[in-house]
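Novice: Would you be able to build a 3D model of this:
(2 chains)
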Amino acid sequence: MRSLRSIILPMGASILAILIGGILVAALGYNPVTVYGSLISGAFGTGINIGNTITASLPLIIVGLGIAISFQSGLFNIGADGQYWIGATAAVWFGYHFNHLPGWFHMILCIVVGMIAGALWAGVIPGFAKAFVGSHEVITTMMMSYIGILLARYLIEGGPMQQKGFNPQSPEVAQNTQFPYFTQGLMQSQLSLIAVAIALVAVIVVWFLLYKTTLGFQLRTVGLNQRAARYAGINVKLFTVLALCLSGMFAGLAGAVQMLGVDHRLLDGFSSNYGYTAIVVSLLARNNPIGVIIAGLFFGALTTGGQNMQMVSNVPAALTDVLTGLIIFFVACERIIPQVIGWYRRRRTLKSTSAA
Amino acid sequence: MEIVDLKKWFPGVKANDGVNLTLCAGEVHAILGENGAGKSTLMKMIYGLLEPTAGEIRFMGKTVHFRSPREAIHAGIGMVHQHFMLIPALTVAENVVLGDEPGRIRFDRKEAQRRVYELSEKYRLAIDPSAKVGTLSVGLQQRVEILKAFYRKAKLIILDEPTALLTPQETRELFSIVHSLKADGVPVLFISHKLDEVLEISDRVTVMRAGKTVETVETSSATPQSLANLMVGREVVLRVEKSPAHPGEPILQIRNLHVRDAGRMERVKGVDLELRRGEILGLAGIDGNGQFELADAIAGLLKVEQGQLIFDGEDITRWSPAERTRRGIAYVPQDRQLDGLVLSFDLVENTILRDFRKRPFAKTGVIDRTAASRYTERLIREFDVRPPDSSRKASELSGGNQQKVILAREVSRDPLMLIAAQPTRGLDVGAIEGIHRQLVRLRDEGKGVLLVSLELEEILSLSDRIAVIHDGRIVDIVPGAQATREQIGLLMTGSRGHSEVSLP
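Specialist: Next up is the predicted model:
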């Protein structure tokens, strides 16, 4: 019953948001059926579109897992975007060095380095500052995020990672570290089965970690009740650092996977916003790793569908941002709905008693 | 006031299912019942916080339907909640007039103070109207609540568990206030689950059980036993039956212990104490005298500033809480919801909260949910936790059952020593009986039990020795069998002049 509700309510919120978005679109003079039709066909219409949607959702899913870990541990990792870029940068640097290594080993090396970089970026300064000085992680992760993004930008805009003679961008990672696309169709949507497999394994690992291991038990205890955690003999400081490390680790993993699977190099134009969208993904999934897949796909579909919507029906793609905003709003409101129901019931009993 | 066949049904629960009550002018009427008997629901309906499903409330001859506390207050019902609704940063007078201030736009502070002063004179509730509420003791804060009711011209005062937070002395003062109210003809509805208080203060008692009023009796014709039986619905053992203690070797030695609380205040100021195997050592004291900081320090939750803790022959002063737990210290913390449980965890997770690293609950870092569930189910059966469903969240349990879960967890860990801080706070007779029996059983098994409690009655009935703490120091240690209420009460205030027996 309870678990059913936790699925139905976010779904209901999304549907309500889509309905209101439809009214909005109609009010602006477009045909909501065409607009939503183009949105859906853009996201799922053809095999390539579905591939695009999955490609777009993978980083959201992986970063979202990291966010879910931090939220379940009672920490607000707002700086996943910076951790993502640091992970991406580290992976790319290792990707175009060490070219003599065998491909599979080079790949793993890049991924591991990306994960470590993201973990350290979140864990060292924000983690220790939170654990030992009590600095709020919202501030520190956010600031570190700016530093991370701008550092990555510097490295390719006149910094040591810039490829000479080109627009600001880094050299391409070695051919044998790029995830293969296997088929022509997958190639078009830049969808690599290795990336999909990594995301799925990550989901299972996080789910297992949070719900089946003593480590996850301790993280969740710290997240729910620090005093009880201390009473239970848990080293709260250690687990605060660890939670942020793990959270950053998955953001870094997402960065590495994206570089090896899609971008292949750092490019100018750092506006992925994966770190922020992933917060919404995790919230919509109620910080449940399995739910993160669905929520991630949903937002991936909004991205790819939104592009198509703009092309076909001339609606500005910004409207998908409006839609996203509405969904966030309704998910947040979801807590209000039971209260409204309770209020309505009270009114009913009041009427029945005064009638009696 | 008259209450006729009042019912309140929540989905799936009949919180009140036939409540009948008549309150006469000038009487102190007690409502006695276990936790969950429906006392609070009844009060909320009288006070307009809940709408009754059926039945009616008559007040001063008229049928009333209060839709909000505002209407109830307006009609003349004054409620003193168990947890005070006061603003600590404001003065007594400001708190009393809050929401109904004298003066039109400008707040007339002088007038407020004058009126509050008059009221306190009239009802003999001595209090300084200009004192900040935050600086007052709990007993005085309660007076502010009572004054609030009178300021709003209450014709009926409801006291909801008024003594829960009071010291014995403050309870005495409250009772004299209730007596003077009665003399003035103000009816008082006194909600409690404490038998002795009800017997002492009330004229008539209505006993509630499972949402129904069972019986209304004249207090003069009632005995503690008869009331307890009515409350629980079966024969209850009121006094703890226990054989003489056989104290053995010391299990815990505390030497010149100094502890600061989280706010860096020194709370324990040089305590020397020894707990032996096979005894219950009661630590009596008025709240805020360092007893809970001492308990936390032994459990490792507060750092020891100075001094030494020797547990079973080992110096544990610098050990982590986890190491102490492993070595055999069990701890029932004072605040079960803040410290003892993770409320949104289910019972299985809460049961293994302190032992999740150990086999069989975990193997190489992976939790074995099946083993943990099996163990939890067993404890639920043994300790009669209700509802008996290990997948319930701790927050869905009543206070008494939450406490049972904590006690079950701590006792079943087979510890060498148990520190029980306020183990029965807010619990009803039936649950207290069970918990006391567990403590005595632990003692008889040769474990050391340190009982930290603000309930003098509990300390007196359980302890083999009683240590009295005042201002962070042990005033005296008295053998439990010879101790009297008066003697301990006096020691609690810090004076040891009349102590008859003294142990080194």
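Novice: average pLDDT across stretch B:328-340?
Specialist: Stretch B:328-340 carries an average pLDDT of 89.
Novice: Whichever residue of chain B sits closest to chain A: what's its closest spatial neighbour, skipping adjacent residues?
Specialist: Relative to chain A, the nearest point of chain B is B:A322 (3.0 Å; Cβ to the nearest Cβ). In short, each C-beta sits where N, CA and C put it, glycine included. The shortest distance from B:A322 to any non-neighbouring residue, by Cβ to Cβ, 6 or more residues apart in numbering or on different chains, is to A:G233 (3.0 Å).
Novice: Wait, that neighbour touches B:I329, no?
Specialist: No. Counting by Cβ atoms under 8 Å, A:G233 sits too far from B:I329 to count as a contact (10.5 Å).
Novice: neighbour count winner among those two?
Specialist: It is B:I329, of A:G233 and B:I329, that has more neighbours when counted by other Cβ atoms under 10 Å in any protein chain shown, with 28 against 22.
Novice: Neighbours of the closest residue to that one other than its chain neighbours, how many?
Specialist: Spatial nearest neighbour of B:I329, excluding adjacent residues (Cβ to Cβ, 6+ apart): B:M417 at 5.5 Å. For B:M417, the neighbour count with other Cβ under 10 Å is 22.
Novice: before we move on, what about A:L155?
Specialist: A:L155 has 18 neighbouring residues, counting by other Cβ under 10 Å.
Novice: where's it, which helix or strand?
Specialist: Applying DSSP states H and E as the criterion places A:L155 in helix A:137-156.
Novice: Determine the set of other helices and strands touching the helix or strand that that helix is followed by.
Specialist: As assigned by DSSP H and E, the chain's next helix or strand after helix A:137-156 is helix A:184-188. In this structure, helix A:184-188 packs against helix A:47-72, with contacts taken as 3 or more Cβ pairs under 8 Å, 6 or more residues apart in numbering or on different chains; DSSP states H and E.
Novice: tell me, what residue is most central in chain A?
Specialist: The residue lying closest to the centre of chain A (Cα atoms, centre = their mean) is A:A278, at 2.6 Å.
Novice: wait, that residue sits on A:S70?
Specialist: No. Assessed by Cβ under 8 Å, A:A278 is found out of contact with A:S70, at 10.7 Å.
Novice: who's in contact with A:F76?
Specialist: Residues in contact with A:F76, defined by Cβ atoms under 8 Å, 6 or more residues apart in numbering or on different chains, are A:S70, A:E137, A:V138, A:T141.
Novice: In this model A:A243 seems to touch the first one, though I could be wrong.
Specialist: Yes. With contact taken as Cβ under 8 Å, A:S70 and A:A243 are classed as touching, separated by 5.8 Å.
Novice: Which of the three states applies to B:L283?
Specialist: Classification of B:L283 using DSSP: H, G, I helix; E, B strand; the rest coil returns strand.
Novice: Run a quick neighbour tally on it.
Specialist: 29.
Novice: B:S120 too?
Specialist: The number of residues packed near B:S120 is 22, by other Cβ under 10 Å.
Novice: what about the residue in chain A that chain B sits nearest to, distance to B:A299?
Specialist: Relative to chain B, the nearest point of chain A is A:G233 (3.0 Å; Cβ to the nearest Cβ). Noted for A:G233: a distance of 10 Å to B:A299, by Cβ to Cβ, to the nearest Å.
Novice: Domain ranges for chain A, per the record?
Specialist: Here the domain parsing of chain A from automatic domain parsing is A:1-30+A:316-356, A:51-314.
Novice: any idea of the pLDDT on residue 213?
Specialist: Defaulting to chain A. With respect to pLDDT, A:T213 scores 94.
Novice: ah, no, chain B please
Specialist: B:T213 carries a pLDDT value of 81.
Novice: got any ranges where chain B has weak pLDDT?
Specialist: Along chain B, the parts satisfying pLDDT under 70 run over B:1, B:10-13, B:35-36, B:103-104, B:235-240, B:496-504.
Novice: which residues does A:L109 contact?
Specialist: Per Cβ under 8 Å, 6+ apart, neighbours of A:L109: A:F94, A:F98, A:L101.
Novice: Tell me which helix or strand it sits in.
Specialist: In the assignment (DSSP H and E), A:L109 maps to helix A:103-122.
Novice: now that helix and helix A:47-72, what's the angle there?
Specialist: If you take axes from the mean of the first three to the mean of the last three Cα atoms, to 10 degrees, helix A:103-122 sits at 40 degrees to helix A:47-72.
Novice: tell me which residues of helix A:103-122 are tucked away?
Specialist: By 16 or more other Cβ atoms under 10 Å in any protein chain shown, the buried positions in helix A:103-122 come out as A:106-107, A:109-122.
Novice: Nearest to B:V429 among these?
Specialist: Lowest distance from B:V429 to the buried residues of helix A:103-122 (Cβ to Cβ) belongs to A:A122, with 52.6 Å.
Novice: pretty sure that closest one contacts A:Q83?
Specialist: Yes. Using Cβ under 8 Å, A:A122 is in contact with A:Q83, at 5.1 Å.
Novice: quick revisit: can you tell me the closest non-neighbouring residue to the residue nearest to the centre of chain A?
Specialist: Nearest to A:A278 is A:V63, by Cβ to Cβ, 6+ apart, at 3.7 Å.
Novice: Could you report the neighbour count for the one you found?
Specialist: For A:V63, using other Cβ under 10 Å, the count is 36.
Novice: The one helix or strand B:I73 maps to near chain A at all?
Specialist: Here B:I73 sits within helix B:69-75, counting by DSSP H and E. No. Using Cβ under 8 Å from any Cβ of the partner chain, helix B:69-75 never reaches chain A; the gap is at least 12.5 Å.
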